[in-house]
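> Turn this into a structure:
(chains A and B)
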Amino acid sequence: MSYLPGVCTFCGTGCGHYLKVDGASVNGVFPSRVHPVSKGRLCVRGWNIHELLSTHERITKPYVKDGEVSYRDAIAKLVSALSSYKPEEIAFYVSPRSSNEDNFALMKLARSVFKTNHISIQSESGHRNSLDVLFKGTGCAGMLGSLEDIRKAEVIIVAGMDITTQNPIVGSELHYAARNGSLLVTIDSRTTKIARLSKKFMNIKPGTMRQVFDAIAYYIDSEKWGKTTIAKYDEYKRYLEAVPFKTIEEVAGVSASDIMFVAEKLAKAKSAAVFFTSGISGLQYDTVASIYNCFALADKIGREGCGVNPVAGINNLQGSFDMGCAPDLLTGFQNIDDAAAKKRFEQQWNAKLPELKGRSVEELLADSKSPLKALVIVDHDDGIIKFADRLKSLPFVAYIGAFTNKVADFAHVVLPITTYIETDGTFTNAERRVQLSVKKCNPAFDVLPMWKLVSDIAAAAGKPFNYAHASDIMDEIASLTPSYEAISHKALAKKHGIQWPCTKKNPDGAKYCATDKAAFVLPQKPYASVQANESYPYLLMLGKAQHYWHQNNIMHKTFIPLREYNATLLLYPDGYVAIAPEDAKKIGVRDRWPVKVVAEKASMKAMVMISDDVAPGTAYAPYFIRDSITSFLLAYGDVVSQGEEATIPVRIEKV
Amino acid sequence: MYLIKRDDIKKIAHALEEKYTLYGPYLDEVYGQCFFDIVNGDTVNVNAPIPTNPPKQVVFPHLEKIMQYKYDKKAKKADIAMLFDDAPRALFGLRSCDLTGLQCIDRFFLGQEFVDEVYRHHRSRMFIVSNTCVVPFKQCFCVCTDSGPAANEGYDINLTDLGDSYLAEVGSEKGKAFIEAFHFPAATDEHAKLKQKLVEKSITMFEDIAVESKAWVSRVMNRVTTGFIKEEIWEYIGNQCLECGACSYVCPTCTCFNINDASTVEGNTYRLRTWDSCSYEGYSRMAGGHNPRKPIEDRRNKRFFCKLSYSQSKKYLRPGCVGCGRCAWVCPGDIGLPNVVTYIRREIHE
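Sure thing, here's the model as predicted:
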């Protein structure tokens, strides 16, 4: 009877699974058939999670540069080092994979003990943009709808997301809905699998997602199908007047009749939901605003089957923001400048919170003049390696993690922790579902859960947190966070999670965020469209690939997913750039031939992948092949920060 | 043939437990999902529905250490140990589809020129008690694949629920010796006839997918073997594959595996065997980079060539599908085997 129910912790879908746990080893996994989101399915990552959980590549003992030490000595070293710096010199780079309890404890440690607001997670911009727009529009900083109710949407739009590879089980649900009569529309610049499974595919020019959604909204408004009672309608209407509706065909490469078709279906359907990517390659603020406004105008928010739904790429990305792991946030998206909220935290923690304005760790690392001197990194993916030089030059780096990681090589102190199945903890998936993962086994070696380690660090710094169990932390979170008010480990036990807002009045949570106070969110910047030209005739798009999203450290610890990644690498050892067959003919290259991709500011070597998925005149390169692409991407850091919409005009030369 | 009172059925499980590691269906305490795993005489649930995991897990685990080696640098000596496990195992309450699946795996691991020793050890001291499905489960279609609802062979004892008692049929000398010790009353021809009636009734109770697909599995096998299936059909099927590998993992007859060596900090290296799937791109990639089945539709039709072609039936004397329906449960697309049969059949019609 060794199959124990739990939560998959790869992506933000939060599927239910059963792990086969024998003693301290995990020997298999099967899907949960009653889980409300995954309903008996898992993806390639989920089906092989036991390979990660049974890996020998763990950090088993604390160590410093000189060798292994006891936890006590390592913690003492960490505390004395951090205490020797000013708060503005200290930063915490926490992980969107850690549990809510772990991240809350770290956030508390950073702010109440080491007095710094420099705390952030990787992949901030994408999901943060979505949360900012949705919070401004509705007061709910999370998915407005539910993954559980995808099948209830009459119209479903996928906006620029390769959803069957990024969040495959969400993609599966969309496919299920489409098979059972929902109108599935994909708007993208690449022919993805979900595009092939859609009834309507609008293949738009790269970087024109915002214009397309604005054009849909324009038509809904001009036909008077829209809901005009939403706050700020007049300003939004003025904004819509400048939308390039008449020229949309030229701007975005889609026909006006397609726009009108989707607009009419969207406006007249009983329910509709839109899905777009979030996380490291999310959409820009203005694009999310355009999508949200379009759905608000069509009156497709706040009801069953409706929603504006950013889909987080990492398991606890949503939860990390909920836990205030951002320079300007406390828990539940309460702003640190909100005096009342701040006071509650100060009273509860019996500590003054820092006044200092926080900055994100990426920003501090990228800015060579930033005061950063001491950095605590938690369980991180390899993406941070792009800051290797800066990391090496920092006087103090600490690494906290369960698995071996190249990032630990930069650290002066390394502290091991348990994996998520060796302790209790909660994770909040993309649809605000807080799920409890209970301890399933003891670690094979003497390592502490992160929440306990953080408590010990606080105690060593003279400010003990006094947590006896992870559930104590959740109780504290609930007392400080309105949207988590009625959440506790007891309430979550033997349940497939509760979707916040979960209050004492409404302890069962909410499938939909209340939108009675909804307002339009006006985009901030003018349209910026990148055009190809004679010197740089191809528009290069950047994206993810299935088995290796996010330059993922944990994927290195598996066998099957790692082999799948290697299968791509063996074929394209220099990384690849995908182009259409007719373009390959024009350039005079065949599949796997080396090419030089030249842009205005940088160039890179890559191999050609000939693919029908990319339209002529465009090219696609995945982020994940670090060795070849990182320096190129660094030169275009500002463009890359546009996430899914990042577009760079390039020339492709045969070598 | 013996007659066992309902309340006495667990006596068999308890007796097996004394001599064997007992495997059987049980319901998970939290959500009531059924798994086939190590149980005891009290927790085994004879009435449980078809388990989530196929019992191939017992003899061919999801992840298994099959060899261990350690190299002593000073002595220049390698210690190599095969990790065979021949603990006696009893499988209790096996459904006929899963029993047929086990026989398919036997033919692959044991019935060919090369005998898999790791598998042989697992399988060597096994006692099997099968259980007739007097009521089929949703999505079952064993009637189309000649593997149920009652087992014909391969068991030591077969149980059939006759209502107030179970009919126990003996399938081997081992089974005979085991059940004789209980001194259960002998069953008569009337009981055998009643069993037959129940099985016939069960056959009429299958859901549409089984009833509609019936007889077509053989016709589709013919089609697949002779290759007269339009590319568009495979593309339609391939388009719906999200490359998760689930169909292979849950299949009672799938035997593909991958081998990996993993080293511990202490310097031991374990050779691991893990399940593998033809839906993965890396599965068919050859050394040197060539991949004869790179596009997904080529990988997907491979699965159905494997399951539904004559080569499989020549080798194993039956289709490579036992009609358990698990692949349809777990598929993120809509290409479980019964649906694929339907798609191909639709084409034959047109």
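> all strands of the stretch 101-250 of chain B, in order?
B:126-131, B:157-161, B:165-170 (DSSP state E, counting those that start in this stretch).
> so which of the ones you listed comes closest to chain A?
strand B:126-131 (18.2 Å; CB to the nearest CB). The C-beta positions use only the backbone N, C-alpha and C, and glycine is treated the same way.
> what's next to the closest one, contact-wise?
Applying CB atoms under 8 Å, 6 or more residues apart in numbering or on different chains, the external contacts of strand B:126-131 come out as B:12, B:16, B:19-20, B:46, B:59, B:88-96, B:99, B:102, B:151, B:154-161, B:174-175, B:178.
> on that earlier part again, want to try a markdown table for the strands of the stretch 101-250 of chain B, with mean pLDDT as columns?
Converted to a markdown table, the strands of the stretch 101-250 of chain B look like this (pLDDT from 0 to 100):
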| stretch | mean pLDDT |
| --- | --- |
| strand B:126-131 | 96 |
| strand B:157-161 | 96 |
| strand B:165-170 | 96 |
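> Output those strands as TSV; include the columns mean neighbour count and distance to residue B:68.
As requested, the strands of the stretch 101-250 of chain B are arranged in TSV below (neighbours: other CB atoms under 10 Å in any protein chain shown; distance: least, CB to CB, whole Å):
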stretch	mean neighbour count	distance to residue B:68
strand B:126-131	24	24
strand B:157-161	24	36
strand B:165-170	21	40
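> What is the neighbour count of the closest residue to residue B:50 other than its chain neighbours?
In this structure, residue B:50 finds its nearest non-sequential neighbour in residue B:137, 5.0 Å apart by CB to CB, 6 or more residues apart in numbering or on different chains. Per other CB atoms under 10 Å in any protein chain shown, the neighbour tally for residue B:137 reads 16.
> same deal with residue A:180?
8.
> ok, now residue B:209?
Counted with other CB under 10 Å, residue B:209 comes out at 21.
> Surely it is in contact with residue B:139?
Yes. Counting by CB atoms under 8 Å, residue B:139 is a contact partner of residue B:209 at 6.5 Å.
> Now the common contact residues for these two.
Common neighbours of residue B:209 and residue B:139 (CB under 8 Å, 6+ apart) are B:325, B:328, B:338.
> shouldn't residue B:304 be in contact with residue B:227?
No. Using CB under 8 Å as the test, residue B:304 is too far from residue B:227 to be in contact (11.9 Å).
> more neighbours, the two?
residue B:304 (23 against 8).
> so who does that one touch?
B:224, B:237, B:337, B:340.
> wait, isn't the third one in contact with residue B:319?
No. Using CB under 8 Å, residue B:337 is not in contact with residue B:319; the gap is 9.4 Å.
> report the longest strand in chain B, please.
Counting residues, the longest strand found in chain B (DSSP state E) is strand B:63-72.
> what about residue A:345, neighbour count?
Around residue A:345 there are 19 residues (other CB under 10 Å).
> try residue B:290
The burial count for residue B:290: 10, using other CB under 10 Å.
> Would you double-check that it falls in a strand?
No. Applying DSSP: H, G, I helix; E, B strand; the rest coil, one finds residue B:290 to be coil, outside a strand.
> Please report how far it lies from residue B:2.
Distance, residue B:290 to residue B:2, using CB to CB, to the nearest Å: 59 Å.
> rewinding a little: any residues in contact with both of residue B:337 and residue B:319?
Common neighbours of residue B:337 and residue B:319 (CB under 8 Å, 6+ apart) are B:307, B:308.
> Give me every residue in the stretch 351-500 of chain A lying close to chain B.
residue A:494 (CB under 8 Å from any CB of the partner chain).
> By proximity to chain B, which residue of the stretch 351-500 of chain A wins?
residue A:494 (5.3 Å).
> Pull the contacting residues for that residue.
Contacts of residue A:494 by CB under 8 Å, 6+ apart are B:30, B:31.
> Can you tell me the SS state at it?
Applying three-state DSSP: residue A:494 is coil.
> So for residue B:337 and residue B:319, which sits in the more crowded spot?
Legend: neighbour count by other CB under 10 Å for residue B:337 and residue B:319, higher for residue B:337 (30 against 24).
> And the more buried one, how far from chain A?
16 Å (CB to the nearest CB, to the nearest Å).
> so how far is residue B:55 from that residue?
Distance from residue B:337 to residue B:55, by CB to CB: 19 Å.
> Quick one: residues contacting the residue in the stretch 1-150 of chain B that chain A sits nearest to.
Proximity to chain A, evaluated over the stretch 1-150 of chain B using CB to the nearest CB, is greatest for residue B:62 at 3.2 Å. Contacts for residue B:62 (CB under 8 Å, 6+ apart) come out as A:20, A:27, A:28, A:29, A:50, B:249, B:274, B:275.
> what do you get if the cut-off is 7 Å, keeping everything else the same?
A:20, A:27, A:28, A:50, B:274, B:275 (CB atoms under 7 Å, 6 or more residues apart in numbering or on different chains).
> Next: residue B:306.
Residue B:306 neighbours (CB under 7 Å, 6+ apart): B:312, B:320.
> Please report the distance of it from chain A.
19 Å.
> In a helix, that residue, correct?
Yes. Judged by three-state DSSP, residue B:306 forms part of a helix.
> which residue sits closest to residue B:150, ignoring its sequence neighbours?
residue B:132 (4.3 Å).
> how far is stretch A:345-354 from where the chain is centred?
29 Å (CA atoms, centre = their mean, to the nearest Å).
> Repeat that for stretch A:78-86.
Worked out by CA atoms, centre = their mean, stretch A:78-86 lies 31 Å from the chain centre.
> buried stuff in that stretch?
Judged by neighbour count using 16 or more other CB atoms under 10 Å in any protein chain shown, the buried positions of stretch A:78-86 are A:78, A:79, A:81, A:82, A:85.
> ditto for stretch A:446-453
Buried residues in stretch A:446-453 (16+ other CB under 10 Å): A:447, A:448, A:449, A:450, A:451, A:452, A:453.
> Tell me which two of the residues you listed sit farthest apart.
Using CB to CB, the pair of those lying farthest apart is A:447 and A:451, separated by 12.8 Å.
> quick revisit: dump the shared contacts of residue B:209 and residue B:139 into JSON lines; add secondary structure and neighbour count as well.
Formatted as JSON lines, the shared contacts of residue B:209 and residue B:139 follow (DSSP: H, G, I helix; E, B strand; the rest coil; neighbours: other CB atoms under 10 Å in any protein chain shown):
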{"residue": "B:325", "secondary structure": "coil", "neighbour count": "25"}
{"residue": "B:328", "secondary structure": "helix", "neighbour count": "20"}
{"residue": "B:338", "secondary structure": "helix", "neighbour count": "25"}
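> Many thanks, we can stop here.
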